[in-house]
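Chemist: quick check, what structure comes out for this input:
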Amino acid sequence: CAYFVAGCFATYFIIPDGAQTPEVREARKEYAKAFSDRFLNLPGQAHRQHTIATLLDLRFRPYGFMDELGRQNALQDLRAEWTGKWRGLAAPEPEPEPEPAPGPGKESQA
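Modeler: Model prediction:
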């Protein structure tokens, strides 16, 4: 989620410094720091969960990650999460039903 938002923030909200008042520059600087602290500089496990959620959320598929390395790391984390926690909890494949034995008076079709 944050990867898309960060891309939008960097792409669509750049205003030349001459067009901003000092108050606006200061507010933008504080907003950028708060945004970065909240979404981009997450502590280890929170960052891992956030990137996995970004990877799996279909709404963000068209946007992707900011770079290929981020996507590769998210895929690696997702595979590790699946293998370590969830793979053993998945329902096992059902065993095939044995064919019924022929009844009395019926011959095998073999």
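
Chemist: any weak-confidence spans in the chain?
Modeler: Low-confidence segments of the chain, defined by pLDDT under 70: 1-18, 103, 105-110.

Chemist: would you list every one of the helices in it?
Modeler: Taking DSSP state H as the criterion, the chain contains helices spanning 2-12, 22-35, 44-56, 68-81.

Chemist: spatially nearest residue to the residue nearest the centre of the chain (excluding sequence neighbours)?
Modeler: For the chain, the residue nearest the mean C-alpha position is residue 55 (2.3 Å; CA atoms, centre = their mean). Closest residue to residue 55 apart from its sequence neighbours, by CB to CB, 6 or more residues apart in numbering: residue 74 at 4.4 Å. In short, each C-beta sits where N, CA and C put it, glycine included.

Chemist: as TSV, the helices of the chain with distance to residue 95 would be great.
Modeler: Output for the helices of the chain, formatted as TSV (distance: least, CB to CB, whole Å):
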stretch	distance to residue 95
helix 2-12	43
helix 22-35	53
helix 44-56	31
helix 68-81	27
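
Chemist: roughly how far does the residue nearest to residue 55 sit from residue 89?
Modeler: 22 Å (CB to CB, to the nearest Å).

Chemist: one more: residue 66?
Modeler: 32 Å.

Chemist: out of those two, which sits in the busier spot?
Modeler: For the pair residue 66 and residue 89, the greater number of neighbours falls to residue 66 (15 against 6), based on other CB atoms under 10 Å.

Chemist: mind checking how far that one is from residue 74?
Modeler: 11 Å.

Chemist: with residue 36 instead?
Modeler: Residue 36 sits 19 Å away from residue 74, taking CB to CB as the criterion.

Chemist: the more surrounded of those two?
Modeler: Shown here are residue 36 and residue 74; by other CB under 10 Å, residue 74 has more neighbours (21 against 13).

Chemist: contacts only, for that one.
Modeler: Counting by CB atoms under 8 Å, 6 or more residues apart in numbering, residue 74 touches 51, 52, 54, 55, 65.

Chemist: burial measure for the spatially closest residue to residue 42 that is not a sequence neighbour, as a count.
Modeler: Sequence neighbours aside, residue 50 is the residue nearest to residue 42 in space, at 5.8 Å (criterion: CB to CB, 6+ apart). Neighbours of residue 50 under the rule other CB under 10 Å: 17.
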